[in-house]
Structure formats: C-alpha cells, structure tokens
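**Q** Okay, sequence plus prediction incoming.
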Amino acid sequence: MADIDKEKVAARLRERAQEIETRRKQIGAGENDQRDAELADYDQHPADQGSETFEQELDETTLAILDAEAKDVAEAQKRLEEGTYGTCIDGGEEIPAERLEAIPEALRCIEHQRIYDGQLRARGGPLL
C-alpha cells in the first residue's frame, strides 16, 4: 500500500493495543472484585450462582477475543515494519483504506475475511 502515513498507522496500532490492554485490565479487576465480595458459595441462591457462571464465561470469552485482537495488532505492526501492511494475507490484494481506518489491525480484505469466518463457523470454531 503505497499511500499510507506509516507514523499515523503506527500510532493508531499502538492506540488499539492500549485499548485492548485497558479492557483486559478492566475484566481482571472485575473478577477480583467479584471474588472479594463473596465470602462463601453456600449462602447463594442457585440463580445467583448461574448469573456468576454466566458472567465468568462472558469474561473468559471476551478475554479470548481480546487475545486474538492483540495478536492481530502485533501482526499488523510487524507487517507495517516489513512494508506489507495493507496487503491481504490470503489473496495479496490491497485492503481498502476504509477498512484499515475502521479496523487498523485488519489482515484480510473483506472478501477473504468473510471466507475465513465462514470456514471457522463450518468447523465449529470460534470467530477469533
């Protein structure tokens, strides 16, 4: 991608990495607060336990998604340094500037991302 402002993209990727790390810390702080608030499980209503289980699973899923996003950001930073940023990793075509503006860590063009997501769904895997 010839017309990119490397410094602007690098700054946006750093900002994106910081957003992800901040979100991770918020989830971790919430888990610690929840554990500290409960002295014992035996005095809880089963519905409360179900709610806690749901919240815990939601946090674990969110952390898995954040891990995948962090990995993509790191890969995009690497590709920026190598001079291949903005090129689809699957087809080699240029990723539209609008997509990179919206998702600076995008590694695939929209069409190849659609195919990738469909293959994950077909295998029953997560959309990460």
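**A** Structure's in. What do you need?

**Q** Which parts of this structure are helices?
**A** Applying DSSP state H to the chain gives helices spanning 6-37, 46-82, 97-102, 110-123.

**Q** And the average pLDDT for stretch 66-83 is what?
**A** Average pLDDT, stretch 66-83: 95.

**Q** Likewise for stretch 29-47?
**A** 59.

**Q** Residue 77: neighbour count?
**A** Residue 77 sits with 19 neighbouring residues when counted by other CB atoms under 10 Å. No exception for glycine: its C-beta is placed from N, CA and C like everyone else's.

**Q** which residues sit in contact with the most centrally placed residue in the chain?
**A** Taking CA atoms, centre = their mean, the centroid of the chain lies closest to residue 69, which sits 2.6 Å from it. Taking CB atoms under 8 Å, 6 or more residues apart in numbering, we find residue 69 in contact with 16, 20, 105.

**Q** Could you rerun that using 10 Å?
**A** Residue 69 makes contacts with 16-17, 19-20, 23, 103, 105, 128, as judged by CB atoms under 10 Å, 6 or more residues apart in numbering.

**Q** coming back round to it: can I get the helices of the chain in CSV including distance to residue 89?
**A** Shown next, in CSV, are these (distance: least, CB to CB, whole Å):
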stretch, distance to residue 89
helix 6-37, 16
helix 46-82, 8
helix 97-102, 13
helix 110-123, 8
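
**Q** No more questions from me, cheers.
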